[in-house]
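In: What follows is a protein structure lacking sequence information:
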């Protein structure tokens, strides 16, 4: 393991995120952006009402039927490339691909963003969320396709539970709103080709504005409770595995397990 990866892993474990400027060169960025923009235009055409209602992201870009076969293979190769695998194996014991998402600006420029931990949308109780910290981790690997304000994150919150004020903001309790400033937060702006790796468990919020368009790849430990969230149609068919650098990242979800909680 190189010194750079050692340092990266140390930062990621300590603060819950790490920013890698210029992760993609110009050619790789162009190839990815062309495919993602084609998906986005189709999504907007089919989900105009959802977009007008406030959507700020879409998902399942690698699902069968979401893209033409060539574009889909481009994305499958991208999410399972050696550079990505080399990072994941230093952080997750047995990493597995989970999902893809695309983040963009809301239709209403005045729409507020919101602090959250991804786990709060799984149906987990607060007690279960707290218990999952440091136990069931999911990583976002976000590639900026255009200049954007990026994200705001609370360092170390992937391992530490909310303070009373943080919890009140996140859950909008006691008159607080989930778009209020949060103590100790750090904003990370992104340029095209940058990679931001962060724990889905940590306190974070997207920052809207500029030309925000970010491609997210989600990975998890190969644990049945987490793999139960993987959609089989987002995984490559057996005949495609030989065309992918690290096919071991595509782990089929268990047939009989239920997702969290």
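Out: Perfect, I can see it now. Remember, it's a predicted structure, so these values are computed and weren't measured experimentally. Numbering: from 1, shown residues only.

In: average model confidence for the helix or strand hosting residue 131?
Out: For residue 131, the host element (DSSP states H and E) is helix 126-132. The average pLDDT within helix 126-132 is 92.

In: Sort out which residues of it are buried, please.
Out: For helix 126-132, the buried set under the neighbour-count rule, 16 or more other C-beta atoms under 10 Å, comprises 129, 132. To be clear about C-beta, it is placed using only N, CA and C from the backbone, and glycine gets the same treatment.

In: I'd like the next helix or strand past it.
Out: Next along the chain from helix 126-132, counting by DSSP H and E, comes strand 138-144.

In: which residues touch residue 247?
Out: Contacts for residue 247 (C-beta atoms under 8 Å, 6 or more residues apart in numbering) come out as 80, 236, 241.

In: Give me the pLDDT for it.
Out: Residue 247 is given a pLDDT of 98.

In: what do you get for residue 8?
Out: 82.

In: so which strand or helix has it?
Out: Residue 8 belongs to helix 3-15, assigned by DSSP H and E.

In: And the pLDDT for the spatially most central residue of the chain?
Out: With distances taken as C-alpha atoms, centre = their mean, the residue of the chain nearest its centroid is residue 140 (3.2 Å). We have a pLDDT of 98 for residue 140.

In: got the contact list for it?
Out: With C-beta under 8 Å, 6+ apart, residue 140 has these contacts: 196, 197, 198, 199, 200, 216, 217, 218.

In: picking up where we left off before, which residues sit against whichever helix or strand comes after the helix holding residue 8?
Out: Sequence-wise, the next helix or strand downstream of helix 3-15 (DSSP H and E) is strand 17-20. For strand 17-20, the surrounding residues in contact (C-beta under 8 Å, 6+ apart) are 8, 11-12, 153, 155, 188, 190, 194-199, 202.

In: Tell me the pLDDT of residue 76.
Out: What the model reports as pLDDT for residue 76 is 98.

In: what helix or strand does it sit in?
Out: Using DSSP H and E, residue 76 sits in helix 69-79.

In: Please identify the buried residues of that helix?
Out: Those would be 71, 72, 73, 74, 75, 76, 77, 78, 79, for helix 69-79 by 16+ other C-beta under 10 Å.

In: and the fifth one, what does it touch?
Out: Right, residue 75. 32, 35, 36, 61, 62, 67, 100.

In: ok so, going back, columns distance to residue 94 on top of the contacts of strand 17-20, output as a markdown table?
Out: Shown next, in a markdown table, are these (distance: C-beta to C-beta, whole Å):
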| residue | distance to residue 94 |
| --- | --- |
| 8 | 19 |
| 11 | 22 |
| 12 | 17 |
| 153 | 26 |
| 155 | 27 |
| 188 | 28 |
| 190 | 29 |
| 194 | 27 |
| 195 | 22 |
| 196 | 23 |
| 197 | 18 |
| 198 | 20 |
| 199 | 17 |
| 202 | 22 |
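
In: least confident pick among these?
Out: pLDDT across the contacts of strand 17-20 is lowest for residue 8, at 82.

In: From what I see, it and residue 87 are in contact.
Out: Yes - at 6.9 Å, residue 8 counts as touching residue 87 under the criterion of C-beta atoms under 8 Å.

In: Tell me which two of the buried residues of helix 69-79 sit farthest apart.
Out: 71 and 79 (13.1 Å; C-beta to C-beta).

In: so what does the helix holding residue 8 touch, helix or strand wise?
Out: For helix 3-15, the packing partners by 3 or more C-beta pairs under 8 Å, 6 or more residues apart in numbering; DSSP states H and E come out as strand 17-20, helix 82-88, strand 195-199.
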